[in-house]
Structures are given as C-alpha cells and as structure tokens.
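In: Let me see the structure of the following:
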Amino acid sequence: HAFTSVLRMLSALLFSILIVLLLLPICLEAMSAPPSHLVIVGAGIQGASVAYFISKMAPSTKLTVLESNPTASPHASSKGGGFLARSWGDGSVTQSLHHTSFDLHASLAKEWGLTSYRAIPVLSVQPGAKQFKPSQTQMPNWLDGQGGRVSSMGDGSDTAQVHPKEFTSEALRRSKADVRTSATVAGVEAD
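Out: Below you'll find the model as predicted:
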C-alpha cells in the first residue's frame with residue numbers, strides 16, 4: 001500500500017509539472033499580453049509551482065494564491081514524503097516527464113539552496129521471516145535482518161528526496177505572490 005501511495009503522489013507531481021512546463025507557456029503565449037492579475041486556488045505543490053513559473057514567465061503579473069487551510073502547503077508532508085524517482089517511468093509514455101521532473105527538482109533545489117534535498121538510494125524490503133545478514137545483501141545494517149524479498153529501487157543517481165513543505169514554501173516565497181490563507185472561494189469572475 002505504501003508503494004501505491006508513493007506512485008499516486010508521483011503521478012500528481014508529474015501532472016503538476018506537465019501543466020506548468022507544457023500548458024502554461026502555451027496559454028501565456030496565446031494571450032496578446034500577460035494578464036495583470038491572476039488568482040491561483042490552492043497553495044500546495046501544484047499551486048506553488050504554477051505561481052513560481054508564472055512569476056518567471058510573466059513577471060509583471062500580480063499573483064494571489066488562495067488557500068482554504070490556515071497555512072500554506074498544509075499537506076506537504078503526506079504519503080509521498082518528497083520522494084523523487086527519475087527512471088521509474090522508463091518505457092512508459094511519461095518517461096520524459098519523469099526525467100524532466102527529477103532534473104528540475106535537482107536544479108531548483110540547488111538554485112534555491114534547499115537543505116532537505118538529498119540523493120538517496122532506495123531499497124524495497126518486504127516483510128518476512130527470512131534472516132538476512134547485512135553483509136550478504138543490500139540490506140542496511142540498521143534493519144533487524146528479518147525480511148522477505150530485498151531489491152534495489154534506485155541507487156541514488158536517479159532517486160532523491162526533498163521535504164515537500166520546504167520546496168512548496170520556497171516556490172511560493174520566490175513567486176512573490178500574495179498568499180491568503182483560510183480563504184473561501186465562492187465563485188469565479190473574469191474581466
């Protein structure tokens with residue numbers, strides 16, 4: 001179940017990056033001039049990413065981010081835990097998106113000075129009664145040696161982690177958006 005939750009989180013993150021990297025430039029280019037003011041609903045990873053990239057693509061646009069919770073990025077440490085995997089989509093239609101997302105997170109973490117970003121090896125250890133000696137397998141010595149199947153899911157060159165709250169908060173800060181928390185959206189009006 002944990003693996004499924006991580007995959008769902010990665011899918012949501014990849015969808016966000018798809019929107020930001022592919023659709024947003026097309027929408028902004030289609031306008032005769034950048035909008036003077038945009039309102040973004042949600043201060044999670046998707047809203048923060050959209051705010052950050054709009055601030056880069058249309059710096060004169062005033063941005064307001066509305067969040068229904070009392071704090072911005074309120075769920076930014078949930079099931080995915082900031083886990084990033086470059087090659088897990090290899091061979092699929094989303095392969096280039098996985099690669100782009102992973103590389104983008106690495107470059108933004110460096111540019112922004114994020115302290116939580118780290119390349120990490122990832123190991124899958126299924127429960128079981130088989131006794132392993134850490135020296136005989138890839139199992140780290142901090143595990144008790146009990147397990148079922150043990151397999152590598154990434155060696156650290158294509159797997160990483162960044163704290164979602166740090167990433168999201170920094171994206172919002174750098175966007176210079178007016179973030180309004182405990183907000184309620186009752187409808188949408190356009191000029």
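
In: Please count neighbours and contacts with C-alpha atoms only from this point.
Out: Will do.

In: so where's the longest strand in this structure?
Out: Counting by DSSP state E, the longest strand found in the chain is strand 150-161.

In: so where's this protein shaky on pLDDT?
Out: By pLDDT under 70, the low-scoring segments of the chain are 1-32, 74-80, 131-145, 191.

In: ranges for the strands of it?
Out: Listed in chain order, the strands of the chain (DSSP E) span 37-41, 62-66, 83-85, 118-125, 130-131, 146-147, 150-161, 178-180.

In: Export those strands as CSV, with columns for mean neighbour count and distance to His105.
Out: Listed next are these as CSV, based on neighbours: other CA atoms under 10 Å; distance: least, CA to CA, whole Å:
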stretch, mean neighbour count, distance to His105
strand 37-41, 16, 21
strand 62-66, 21, 22
strand 83-85, 24, 8
strand 118-125, 16, 11
strand 130-131, 10, 37
strand 146-147, 16, 32
strand 150-161, 16, 9
strand 178-180, 18, 22
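
In: just so I know, which of the ones you listed lies nearest Val188?
Out: strand 37-41 (9.6 Å; CA to CA).

In: ok and the closest one relative to strand 62-66, angle-wise?
Out: 20 degrees (axes from the mean of the first three to the mean of the last three CA atoms, to 10 degrees).

In: what's the spacing between strand 37-41 and its chain's center?
Out: 20 Å (CA atoms, centre = their mean, to the nearest Å).

In: Direction included, what does that strand pair against?
Out: Neighbouring strands of strand 37-41 in its sheet, by DSSP bridges, are strand 62-66 (parallel).
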